[in-house]
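Asks: sharing a sequence plus its predicted fold:
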Amino acid sequence: MTVTPLGIPRRMLEFTLDGEEARVPEGSTILDACRAAGKDVPTLCEGDTLRPKNACRVCVVEVEGARTLVPACSRKAEPGMEVRTDTERARHSRKVVLELLASSVDLSTTPKVAGWLKEYEAKPDRFGPDAARLNEEPKVDNDLYVRDYDKCILCYKCVDACGDQWQNSFAISVAGRGFDARIAVEHDAPLTDSACVYCGNCIEVCPTGALSFKSEFDMRAAGTWDESAQTETTTVCAYCGVGCNLTLHVQDNEIVKVTSPHDNPVTHGNLCIKGRFGYQHVQNRD
Amino acid sequence: MDLHFGDSKPTDEERAAVDALLGPPESSWEGADRSDADLRWARGGREARDRRDLLLPGLHAVNDRIGWISEGALDYLCRRLTVPPAEAYGVATFYAMFSVKPRPATVLHVCTDLACAAAGAPELCAGIETRLGLGSGVSVERSPCLGLCERAPAALAIKAGDPVRTAVSAPATVEEAVLAAGSPGSAPEEPPAALAVPQAGQDGLMLLHRVGVVDPSSLDDYRAHGGYTALRRAFELGPAGVIREVTDSGLVGRGGAAFPTGRKWQATASQPDRPHYLVCNADESEPGTFKDRVLMEGDPYALIEAMTIAGYATGAHRGYLYLRGEYPRALHLLEHAIGQARARGLLGDDVLGQGYAFDIEIRRGAGAYICGEETALFNSIEGYRGEPRSKPPFPVEKGLFGKPTVENNVETLVNVLPILTMGAPAYAAIGTGRSTGPKLFCVSGSVMRPGVYEVPFGATLGDVLTLAGVREGLRAVLLGGAAGGFVRADELDVPLTFEGTREAGTTLGSGVVMAFDDSVPLPRLLLRIAEFFRDESCGQCVPCRVGTVRQEEALHRIVERTGADAAGDIALLREVGRAMRDASICGLGQTAWNAVESAIDRLGAYE
């Protein structure tokens, strides 16, 4: 458990959420309000420690007077606003957006998405067998990460985490345009020829498993990855004096990957290459 | 910021192209040879980062000189501007006119969009490719609308070098296009812009009255024909007075969104945050639209005067003219005009001796329809990928460089001149109650005299088509371009006003009137529209990125089908179209289904 700073007190504003009065602190998004009210609005590209990019558009809701639907993750609540989260119109858009995504990328390792596909009765197959999809082989060009573009929904979270919001390495960006847009390093080179510093913070924020630990990728390929058999233990990194928190994911008494708690007020989930990947010495039994 | 550069080195020519824009590098930190001083301090940082907006001009500089952008050239440019190479690569690959792969120095863009397709672009492309074959030193590229619809089919040749050479061939034949590509410098000159204005020289024109009458390269000629009287009047009225006149005139934006111009100016002018910016959106890329090109080529000083007035009214001292990259002649004429205006004190520190400082910078687009979206345009100028931003905040509050910005289309700005010279009441008396003033329409396709027509709001579609001489066998008219909608040949009494078209369930959009006769296969036309949106989607949001692809696939499946065979895919199109309209970030995705839907519902395509 880490301590979350309270911040300065904020004024409350009132608006209507699905016909009921909602009171939220000024600056809250519609999504914050929905979560406070216990409403389940699906989100994919929203990241708890990154600025909302609102690119996936599965969290759209209806706001009275707005011509189009609005993304709940980024639109700030305004006094007097009338928001409806579960109208036929919003549900239709969510359903189609989920279908479009699921028909073009592999969402098999995206948490929660199977439930949403069912809830919204999405049928990604109805675009036919010839519907364009990526169908690219995973890029394995180093011993730490795997980039599987087949699973990439272009949420921009890795770009933001590598750039000015987290790591300041700016090693990745979106290249190309439209359906051909891809997350890429400079000149579309292998990761080893890029400005990547292997902090793994992009893996930390990836919502779909398009970026993963090589260890996880290999175990999945071998059929030995079993999340239900894993324990998670949060501890302190021993490499330097900063004191970053590490969450060790352990399966069969082996560390299989390392994450970091996002609610830590110092690191917000960030680690360096040593904290994230340098765990082999712990389990060196020789 | 922790920047990492690879080992790629620029060639001498690539380095020269960048240095010609940015000046020579001062230290090894930005690409010069190492000196003793470099060992003691680092240069760059914030100072260099503040020049990020020179990334797009830098990419143009290299692409213009070499024809493509190599790793070494990109890395050198990044070093000069302190831009991460991954980001610059993302920007370079965003634009259609740039290539990060080697290609021949000459690129021949052959327009395959709506008007050109109807005028035989497929055969033209095939003919050119046969003639040029491999090893000709020319890369033939199929291009979206080149904005030369009145002279369809069209081709634009660009030959890299110092200086870069361009030539337009329109109406293009295989021979002429090949000739233009072979030697753009000595290709025959384009016909004057006035030829695109069949009404040129007629009485009563307000926006087009100087096109074909004045010499577009002569400031004196412009002044002799009433130029700069509007700016003098603006200085008499003062900024608040100008905004009052524009508000009272009822002018609304002509770029397609029809937002009240006076309200936008007022909202920007009243922002306490400084500086304010003015942006002129001259990224005219809507298929079928060429009015802004004709205005800029035929009467460039009018736009400069109008921008100066807009800047004065809204408290901006800097105006950016974002010009689409496919308009080389407009670029030359505007560059010349801005230079002349500056030399004569009509731009600069003290405009007309009134103590008001204003200058204009031209920024060239590089082939991206999406950059016509106002916030995507800001990103493009700032050196980022031309992806639209989420609104709110709106540009009047946080626009270019995060500052209050007023953005207007070329035609909108040019309307300000008659508003000031004739006064708001007289201007507002033209047109209808809610659509005031004159309006330009770009008429092309199956008509005798294609071109830009100026009519007062309230004229019907039939009136405009009569002016242009509609040919026999009219089947449908595309109103408002690819983002607009089709109307039937029996609906020609639609009044061409914002309210009239809305009532008729269609839109004026950017003023496109494209006529199609029976000979044009409708499903192929719709396929081209779908292909256009798929190509031009920036890819940022899912409904547009994937939706435009699924739309095109469905239209491919039913291209030769009708009735029950097509019903399933039409139902699918409706569902996807509705989600694109509702959930896309910007207008591109929101309108990508309009034309197809109207063709199904109004024209009975696939019945």
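Replies: Structure's in. What do you need? Residues are numbered from 1 along each chain as shown, chains lettered A, B, ... in the order given.
Asks: mind listing what B:Asp349 touches?
Replies: In this structure, B:Asp349 makes contact with B:Ala357, judged by C-beta atoms under 8 Å, 6 or more residues apart in numbering or on different chains. In this view, the C-beta of every residue, glycine as well, is placed from N, C-alpha and C.
Asks: where does it land on pLDDT?
Replies: With respect to pLDDT, B:Asp349 scores 97.
Asks: so who does B:Cys586 touch?
Replies: Under the criterion of C-beta under 8 Å, 6+ apart, the contact list for B:Cys586 reads B:Ile370, B:Glu373, B:Thr375, B:Ala376, B:Pro388, B:Cys544.
Asks: also B:Val447?
Replies: Applying C-beta under 8 Å, 6+ apart to B:Val447 gives the contacts B:Leu465, B:Ala468, B:Gly469, B:Val470, B:Arg471, B:Ala515.
Asks: what do you get for B:Arg151?
Replies: Counting by C-beta under 8 Å, 6+ apart, B:Arg151 makes contact with B:Ala170, B:Pro171, B:Pro191, B:Ala196, B:Pro450.
Asks: out of these, which end up buried?
Replies: Those of the contacts of B:Arg151 that meet the buried threshold are B:Ala170, B:Pro171, B:Ala196, B:Pro450, by 16 or more other C-beta atoms under 10 Å in any protein chain shown.
Asks: what's the local residue count around residue 253?
Replies: Using chain A. Each residue near A:Asn253 was counted by other C-beta atoms under 10 Å in any protein chain shown, and the total is 7.
Asks: chain B, not that one
Replies: Here the number of neighbours of B:Gly253 (other C-beta under 10 Å) works out to 20.
Asks: all helices for the stretch 151-286 of chain A, in order.
Replies: If DSSP state H, counting those that start in this stretch is used as the criterion, the helices of the stretch 151-286 of chain A fall at A:157-162, A:201-205, A:214-222, A:273-277.
Asks: closest to chain B out of those helices?
Replies: When the helices of the stretch 151-286 of chain A are ranked by distance to chain B, counting by C-beta to the nearest C-beta, first place goes to helix A:157-162 at 8.3 Å.
Asks: using CSV, write out the CA atom coordinates for that closest one.
Replies: Taking Å, rounded to 0.1, in the frame of the first residue of the first chain, the C-alpha atoms of helix A:157-162 are listed here in CSV:
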residue,chain,number,x,y,z
LYS,A,157,0.2,5.3,-24.4
CYS,A,158,3.7,3.9,-25.1
VAL,A,159,4.5,7.0,-27.1
ASP,A,160,3.4,9.2,-24.3
ALA,A,161,5.2,7.1,-21.6
CYS,A,162,8.4,7.1,-23.6
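Asks: starting at the chain centroid, how far to that helix?
Replies: Between the centre of helix A:157-162 and the centre of its chain there are 10 Å (C-alpha atoms, centre = their mean, to the nearest Å).
Asks: ok, B:Gln271 - contacts?
Replies: When the contact criterion is C-beta under 8 Å, 6+ apart, the partners of B:Gln271 are B:Val396, B:Glu397, B:Pro404.
Asks: part of a helix, is it?
Replies: No: if the criterion is DSSP: H, G, I helix; E, B strand; the rest coil, then B:Gln271 is coil and not within a helix.
Asks: what number of residues lie near residue 114?
Replies: By default, I'm working from chain A. Here the neighbour count serves as a burial measure; for A:Ala114 (other C-beta under 10 Å) it reads 12.
Asks: please refer instead to chain B.
Replies: Per other C-beta under 10 Å, the neighbour tally for B:Leu114 reads 29.
Asks: and it, how far from B:Asp463?
Replies: Per C-beta to C-beta, to the nearest Å, B:Leu114 is found 22 Å from B:Asp463.
Asks: go on, A:Thr224?
Replies: Computed with C-beta to C-beta, the distance linking A:Thr224 and B:Asp463 is 75 Å.
Asks: how's the chain carved up into domains?
Replies: Picked chain A for this. Residue ranges for each domain of chain A read A:9-133, A:139-283, as given by the TED database.
Asks: to clarify, I was referring to chain B.
Replies: By the record's domain assignment, chain B is partitioned as B:12-93, B:106-187, B:219-429, B:431-517, B:522-603 (the TED database).
Asks: tell me the contacts of the closest residue to B:Asp518 other than its chain neighbours?
Replies: Closest residue to B:Asp518 apart from its sequence neighbours, by C-beta to C-beta, 6 or more residues apart in numbering or on different chains: B:Gly473 at 4.4 Å. Neighbour list for B:Gly473: B:Ser446, B:Asp517, B:Asp518, B:Ser519 [criterion: C-beta under 8 Å, 6+ apart].
Asks: I'd like these as a markdown table, with pLDDT, secondary structure and neighbour count appended.
Replies: Rendered in a markdown table, the data for these read as follows (pLDDT from 0 to 100; DSSP: H, G, I helix; E, B strand; the rest coil; neighbours: other C-beta atoms under 10 Å in any protein chain shown):
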| residue | pLDDT | secondary structure | neighbour count |
| --- | --- | --- | --- |
| B:Ser446 | 95 | coil | 25 |
| B:Asp517 | 94 | strand | 17 |
| B:Asp518 | 91 | coil | 13 |
| B:Ser519 | 90 | coil | 10 |
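Asks: looking at the residues you listed, which two lie furthest apart in space?
Replies: When those are compared pair by pair using C-beta to C-beta, the farthest-apart members prove to be B:Ser446 and B:Asp518, with a separation of 9.2 Å.
Asks: only alpha carbons, please: show stretch B:10-22 as CSV.
Replies: Extracted as CSV, the C-alpha positions of stretch B:10-22 are listed here (Å, rounded to 0.1, in the frame of the first residue of the first chain):
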residue,chain,number,x,y,z
PRO,B,10,24.0,13.7,-44.3
THR,B,11,25.5,14.1,-47.7
ASP,B,12,27.0,17.5,-48.5
GLU,B,13,23.9,18.4,-50.5
GLU,B,14,21.5,17.4,-47.8
ARG,B,15,23.4,19.4,-45.3
ALA,B,16,23.4,22.4,-47.6
ALA,B,17,19.6,22.1,-48.1
VAL,B,18,19.1,22.2,-44.3
ASP,B,19,21.7,24.9,-43.7
ALA,B,20,20.1,27.1,-46.4
LEU,B,21,17.0,27.2,-44.3
LEU,B,22,18.5,27.3,-40.8
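Asks: and the pLDDT at the residue nearest in space to the middle of chain A?
Replies: Taking C-alpha atoms, centre = their mean, the centroid of chain A lies closest to A:Pro207, which sits 3.1 Å from it. At A:Pro207 the predicted local confidence, pLDDT, stands at 96.
Asks: A:Leu196 and A:Val185 touch, don't they?
Replies: For the record, residue A:196 is Cys, not Leu. Yes: judged on C-beta atoms under 8 Å, A:Cys196 makes contact with A:Val185 at a distance of 6.5 Å.
Asks: give me the common contacts of these two.
Replies: Residues touching both A:Cys196 and A:Val185 (C-beta under 8 Å, 6+ apart) are A:Ala171, A:Ile172.
Asks: now do the buried residues in the helix of greatest length in chain A.
Replies: Of all the elements of type helix in chain A, the one with the most residues (DSSP state H) is helix A:88-104. Judged by neighbour count using 16+ other C-beta under 10 Å, the buried positions of helix A:88-104 are A:89-104.
Asks: also stretch B:204-224?
Replies: By neighbour count with 16+ other C-beta under 10 Å, stretch B:204-224 contains the buried residues B:205-212, B:214, B:216, B:218-219, B:222-223.
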